[in-house]
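Asks: dropping a prediction and its sequence here:
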Amino acid sequence: PNITTVDGLDERFAVNRLAPYFLTKALLPVMNPQSRVVNVSSAAHHSVNFDSLVGNTPLSDSAAYAQSNLAITR
């Protein structure tokens, strides 16, 4: 099923894209100036459909994975 967060976002986007952002933001205070954060993706990526991101258009699991995979590198 297409599950959304309490904010109405597609849960898979939230986990695959927003969680790494917030984790990185939380780690910044303990990182030194030479530290780097590297986001990687796989070959399974697809253009991001923002209607899907906000839960307006349902996605299959593979489509959600592919879109969130590309979003992490943006």
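Replies: Structure's in. What do you need?

Asks: could you use CA atoms for every contact and neighbour count after this?
Replies: Will do.

Asks: count the residues that sit near L23.
Replies: 10 (other Cα atoms under 10 Å).

Asks: confidence score at the residue nearest the centre of the chain?
Replies: Nearest residue to the geometric centre of the chain (Cα atoms, centre = their mean): R17, 1.4 Å. Looking at R17, its pLDDT reads 78.

Asks: please look at it and Q67 and confirm they touch.
Replies: No. Using Cα atoms under 8 Å, R17 is not in contact with Q67; the gap is 9.6 Å.

Asks: show the low-confidence segments of the chain, by residue range.
Replies: Within the chain, the segments meeting pLDDT under 70 span 1, 41-47, 53-54, 69-74.

Asks: show me what the longest helix belonging to it is packed up against.
Replies: Longest helix in the chain, counting residues (DSSP state H): helix 61-71. In this structure, helix 61-71 makes packing contacts with helix 11-13, judged by 3 or more Cα pairs under 8 Å, 6 or more residues apart in numbering; DSSP states H and E.

Asks: mind listing the strands for the chain?
Replies: Using DSSP state E, no strands are found in the chain.

Asks: what are the boundaries of the helices in it?
Replies: So, for the chain - with DSSP H - the helices run 11-13, 19-27, 50-53, 61-71.

Asks: alright, that wraps it up for me.
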